[in-house]
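[1] Sharing a model prediction with you, sequence too.
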Amino acid sequence: MNTISLNLAWSLAEMEASEAGFSSITPNHFWIGCCKGCDLDLTKFLSDAKPEIKALEEQIRQEFKMVADSLQSVDISPVEMRRALRKSLGKVGGPSSRPISRHPDLRAAFKEGANLASMYQDPLSPSHVLHSLLSHVDEVLDQCIGLLGKDTNAFKEKLEDQLLTLIIEDGENRVNLREKAKEPKESPIRKPHLSHNKPKTHNQIPLKTLENQKIRNIPHRLRMRCSTN
């Protein structure tokens, strides 16, 4: 299962590939889509979305923030990364018609990312796919990193480590929330019923009967305590 943020990044990547005349969505178009997602005004973008999608706005924002924070760890902003990638990719012709399918390399990264997400029983998010892409040789991405004035190997290694760290933290948080949701809720202890009627005297009701009535009016947990004392 994909998160809304992943589908949004995928859609943005498709638009980018189409505008540049590509016949498939390459891994670097997906990078551009993720970087675009980091800069979206989500409140405005989701203004016409269904209520159930609007309700996920904060989750979408957090998942794109993971991408932005990872890039920040290598001193690059999403805007800088997006522009450098677009320059490295260039255009291959006029706008191509949509829909456009994913390049085999991107399909493979989706599959590898899903395996990583399954470690925490999470849906597939942009960070999972980007982490998978960084583990493969990509000449266009390497050229982009060079344009940014960075050492290719050090850049990719640090970015990959940072993405993995955030994925693990996010996954563990989700696991903790799921476990907490499974915990049984304590039922409140009901107070004994207080009768407003005038109690009967011991002469009218035997003492043993009175004691039994008192015990029956005590909540179950306290009743068990009384019976053992």
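    Now that the structure is in, tell me what you want to look at.
[2] you'd agree G171 is up against D122?
    Yes. Counting by Cβ atoms under 8 Å, D122 is a contact partner of G171 at 5.7 Å. Every C-beta, even on glycine, is put in place using the N, C-alpha and C of the backbone.
[3] So for the helix or strand in which D105 is found, what gets flagged as buried?
    Assigned by DSSP states H and E, D105 belongs to helix 104-118. By neighbour count, with 16 or more other Cβ atoms under 10 Å as the criterion, the buried positions of helix 104-118 are D105, L106, A109, F110, E112, G113, A114, L116, A117.
[4] What helices and strands are in contact with it?
    Applying 3 or more Cβ pairs under 8 Å, 6 or more residues apart in numbering; DSSP states H and E, we find helix 104-118 packed against helix 27-38, helix 126-134.
[5] Looking at the record's assignment, how would you partition this structure?
    Under the assignment named as automatic domain parsing, the residue ranges that make up the domains of the chain are 4-182, 190-229.
[6] Could you tell me the end-to-end distance of the longest one?
    Looking back up the chat, that one is domain 4-182. 25 Å (Cα to Cα, to the nearest Å).
[7] Mind checking the pLDDT average for it?
    Model confidence over domain 4-182, given as mean pLDDT, is 94.
[8] Centre of the chain to it, how far?
    Between the centre of domain 4-182 and the centre of its host chain there is 13 Å, according to Cα atoms, centre = their mean, to the nearest Å.
[9] quick one on the thing from earlier: hey, which of the domains of the chain is tucked in deepest?
    Neighbour counts (mean count of other Cβ atoms under 10 Å) averaged over each of those peak at domain 4-182, with a mean of 17.
[10] Show me what whichever helix in the chain runs longest is packed against.
    Identified as the longest helix of the chain according to DSSP state H is helix 152-182. If contacts are counted by 3+ Cβ pairs under 8 Å, 6+ apart, helix 152-182 sits against helix 57-72, helix 126-134, helix 139-147.
[11] closest to A13 out of those helices?
    Proximity to A13, assessed across the helices and strands packed on helix 152-182 by Cβ to Cβ, is greatest for helix 126-134 (10.1 Å).
[12] hmm, back to that, make TSV out of the buried residues of helix 104-118 and add distance to V67.
    Formatted as TSV, the buried residues of helix 104-118 follow (distance: Cβ to Cβ, whole Å):
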residue	distance to V67
D105	19
L106	16
A109	14
F110	16
E112	17
G113	13
A114	17
L116	15
A117	15
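[13] show me the contacts for the closest residue to A68 other than its chain neighbours.
    Nearest residue to A68 in three dimensions, chain neighbours excluded: C38, at 4.3 Å (Cβ to Cβ, 6 or more residues apart in numbering). C38 makes contacts with F64, K65, V67, A68, L71, P78, as judged by Cβ atoms under 8 Å, 6 or more residues apart in numbering.
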